[in-house]
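[1] A structural model of the following input is requested.
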Amino acid sequence: MKKHLLLILAFTSFNFISAQDKKIAEECFKKADYKCAEEQYSKLVLTENIQRYQSDYYVNLGIAQKRLGKPAMAFKSFESALKSNPKSISVYENLASLHNQKGNRTKALEYANTGVKLEPENAEIYLIRSKIYNNLGKKDLAMVDLNQILTFAPDNIFARTGLATLKKNNGDLEGALKDYNQMLTEKPESLLYNGRAEVYLKLKKSKEALADINKAISIDPKFSQSYVTKAAVLFESQKDKEACENLEKAVALGHEKALINELTTKCLKK
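    I've put the predicted structure just below:
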């Protein structure tokens, strides 16, 4: 009886410690303390016996490693997550996204296609695949994926901004500006002000771009992309020091360094 009681106490104590570790890991993520998150999730993946949960921990570990600039380690974590749960859509999202960033479009598309089959009405996997198609120069297929999202999620802001971005990248700046103006009348969000600022920057309207990006930051000071866009605007205005400071803010908020190498290189030359 005593031995049985000790086993129950030990099991209860273990579960309590595991729950505490999970809470600490989640708090680290919320604070964008990815070093702390990496440490906590590294523990959790070793102690979790339920494969579905273990897969989720591996995914979060991989995200933390990716944001810390450790792509090789992130790949391993995502692959471990896939082994633990081959039906986890978040695994396919992250593997497709990371392979796309590293330039392996074929592998990225393979994971994205599997993800779409797994969850045919998951907006995130379509968004990722549209980016892959765009990088492959298949803009028509990128547009098909974004429009597909709107068939089951007509108000999806990322699909709508994605279509506006395709117009911007294809040189239809007035068309993109019209789309952003319309969306901003419906819902003035930081993402939309950021997007319109990027269009203004292309139109060489630095004053309007800076006004929009400052508005975006005032709405959501933790949206890292706004600081990247602001840096681009400031570089255009020859305010390099301030631009580099904004890039530092973006990275501090979790923006992946690999995505802004072209801009950060300007700071390294100073």
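
[2] Spit out the contact partners of Lys266.
    Lys266 sits next to 235, 240, 243-244 when contact means Cβ atoms under 8 Å, 6 or more residues apart in numbering. Every C-beta, even on glycine, is put in place using the N, C-alpha and C of the backbone.

[3] same thing but 6 Å
    Listed by Cβ atoms under 6 Å, 6 or more residues apart in numbering, the contact set of Lys266 is empty.

[4] How about Ala108?
    96, 99-100, 132.

[5] low-confidence ranges in the stretch 151-270 of the chain?
    Scanning the stretch 151-270 of the chain for pLDDT under 70 picks out 269-270.

[6] what are the ranges of the helices in it?
    With DSSP state H, counting those that start in this stretch as the criterion, the stretch 151-270 of the chain has helices at 157-169, 173-186, 190-202, 206-219, 224-236, 240-252, 261-268.

[7] What residues sit buried inside the shortest one?
    Judged by neighbour count (16 or more other Cβ atoms under 10 Å), helix 261-268 contains these buried residues: 263-264, 267.

[8] Name the residues that touch the host helix or strand of Leu146?
    Taking DSSP states H and E as the definition, one finds Leu146 inside helix 139-152. With contacts defined as Cβ under 6 Å, 6+ apart, helix 139-152 is touched by 121, 123, 126, 129-130, 133-134, 156, 159, 162-163, 166.

[9] again, only using 10 Å
    Residues outside helix 139-152 that contact it (Cβ atoms under 10 Å, 6 or more residues apart in numbering) are 112, 116, 120-136, 138, 156, 158-167, 169-170.

[10] So what's the gap between that helix and the chain middle?
    19 Å (Cα atoms, centre = their mean, to the nearest Å).

[11] What are the buried residues along that helix?
    142-143, 145-146, 148-149.

[12] Any chance of TSV for those, columns distance to Leu203?
    Output for the buried residues of helix 139-152, formatted as TSV (distance: Cβ to Cβ, whole Å):
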residue	distance to Leu203
Ala142	23
Met143	22
Asp145	27
Leu146	23
Gln148	30
Ile149	27
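
[13] Which one of those residues is nearest to Asn181?
    Using Cβ to Cβ, Leu146 comes nearest to Asn181 of the buried residues of helix 139-152, at 18.9 Å.
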